[in-house]
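> okay, here's the prediction I keep looking at, along with the sequence it came from:
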Amino acid sequence: MTNKITPKIAPFLWFDGKAEEAAKFYTSIFRNSKIDSISPMSATFQLDGVKFMALNGGPQFKFTEAISFFVRCDTQEEIDYYWERLSAGGSEGKCGWLKDKFGVSWQIIPPVLGDMLNDDDDEKSQRAMTAMLQMDKIDIAALKQAYDNK
Amino acid sequence: MMNKITQKITPFLWFDDKAEEAAKFYCSIFKNSKVGEMTRYDEEAAKPTGRPAGSIMVVEFQLEGQEFVALNGGPLFKFNEAISFVVNCETQEEVDYFWEKLSAGGEESRCGWLTDKFGLSWQVVPIVLTELLQDKDAAKSQRVMKAMLQMDKIDVAALKQAYDQK
């Protein structure tokens, strides 16, 4: 995505003074990322093709889990990478959820999890679900093991 | 699977129990939109959330080609203004359209912000506003900012008037 193309819908994050620090943190983690603009009041940046806007709006609003960002990871290596980087200084949650050091919630999820949970074989999908509910960081090998019941 | 998510990063919205209704509402407003795959709760997943087994758990949908996921997660979390979605509008007609449609049953707020009937915050913003606010002439951009701060729905003509100080 170039600068010129404005996506119709852009997530907008309200920070209390840390918009620039957050823009730098996120763009240091995601590939195909860059900061488009920085001012004392706001920042705009792109993470893997998604354009974000960040505002230093003051302390009125805190991030909640009501809106999180789902990061699709094809391999365990990718899961490990994003899990470690995004949760640094923040906190690890359950079922692939984490909070970064600014309080924004992320979910680090392999698409294969959705495939397993949607399997027509209810027993297989339930075993995958049971395994997933016990995990913090998602472990693809353990999911597959539960799914196959090996 | 046809509607598999392909974006690296996808906004994920936690609803109490209105994920499907919300996805359909948003898809009725935005172009190039569609409701994708829906996943239902099985017994195991239903337990910790208190949602009924067999009811819809996750709805995937696309707005203007961008992917979103909605969850019926129960009443644990509420939307607030910490994360909103900006709708970039080319014209006043577009501003009017999205302002009216998205705020229906919700609440209009200040400076282009609104809360929809599900509690999600949107900013309906003409692209030209950003350009005017970033003008090298500080006096001009300040006049635009001042005009904008008085508005609920953004009025492009009034912004341009303030910019030109006619």
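Cool, got the structure.

> alpha carbons only for contacts and neighbour counts from here, please
Noted.

> residues in chain B within reach of chain A, list them.
Chain B comes close to chain A at residues B:5-15, B:39, B:42, B:44-45, B:64, B:66, B:77-89, as judged by CA under 8 Å from any CA of the partner chain.

> find the nearest non-adjacent residue to residue A:128, please.
In this structure, residue A:128 finds its nearest non-sequential neighbour in residue A:147, 5.0 Å apart by CA to CA, 6 or more residues apart in numbering or on different chains.

> could I get the average pLDDT for the strand or helix carrying that neighbour?
Using DSSP states H and E, residue A:147 maps to helix A:140-148. What helix A:140-148 shows for mean pLDDT is 95.

> counting neighbours, which bits of it end up buried?
A:140, A:143, A:144, A:146, A:147 (16 or more other CA atoms under 10 Å in any protein chain shown).

> and the residue nearest the centre of chain A, helix, strand or coil?
The residue lying closest to the centre of chain A (CA atoms, centre = their mean) is residue A:106, at 3.3 Å. The three-state label for residue A:106, taken from DSSP: H, G, I helix; E, B strand; the rest coil, comes out as strand.

> isn't it right up against residue A:97?
Yes. Between residue A:106 and residue A:97 there is a contact under CA atoms under 8 Å: 5.7 Å.

> how distant is stretch B:110-129 from the center of its chain?
Here stretch B:110-129 shows a centroid-to-chain-centroid distance of 7 Å under the convention CA atoms, centre = their mean, to the nearest Å.

> circling back to that earlier point, just the buried members of the residues of chain B next to chain A?
Of these, these count as buried by 16+ other CA under 10 Å: B:5, B:7-15, B:39, B:42, B:45, B:66, B:78-89.

> what segments of chain B are helices?
Per DSSP state H, chain B carries helices over the ranges B:19-29, B:43-49, B:92-103, B:127-133, B:138-149, B:156-164.

> pLDDT weak spots in chain B?
B:1-5, B:166 (pLDDT under 70).

> at 90 instead, please
Applying pLDDT under 90 to chain B flags residues B:1-7, B:37, B:39-51, B:130-131, B:133-136, B:165-166.

> quickly list the domain ranges of it.
The record's domain parsing of chain B by automatic domain parsing lists B:12-72, B:85-164.

> let's have those domains in TSV, adding distance to residue A:39.
Formatted as TSV, the domains of chain B follow (distance: least, CA to CA, whole Å):
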stretch	distance to residue A:39
domain B:12-72	27
domain B:85-164	10
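
> for chain A, which residues are neighbours of chain B?
Within chain A, the residues that sit near chain B (CA under 8 Å from any CA) are A:6-15, A:47-48, A:50, A:61-73, A:111, A:118, A:126, A:129-130.

> chain center to stretch B:82-98: distance?
Its chain's C-alpha centre and that of stretch B:82-98 lie 9 Å apart, by CA atoms, centre = their mean.
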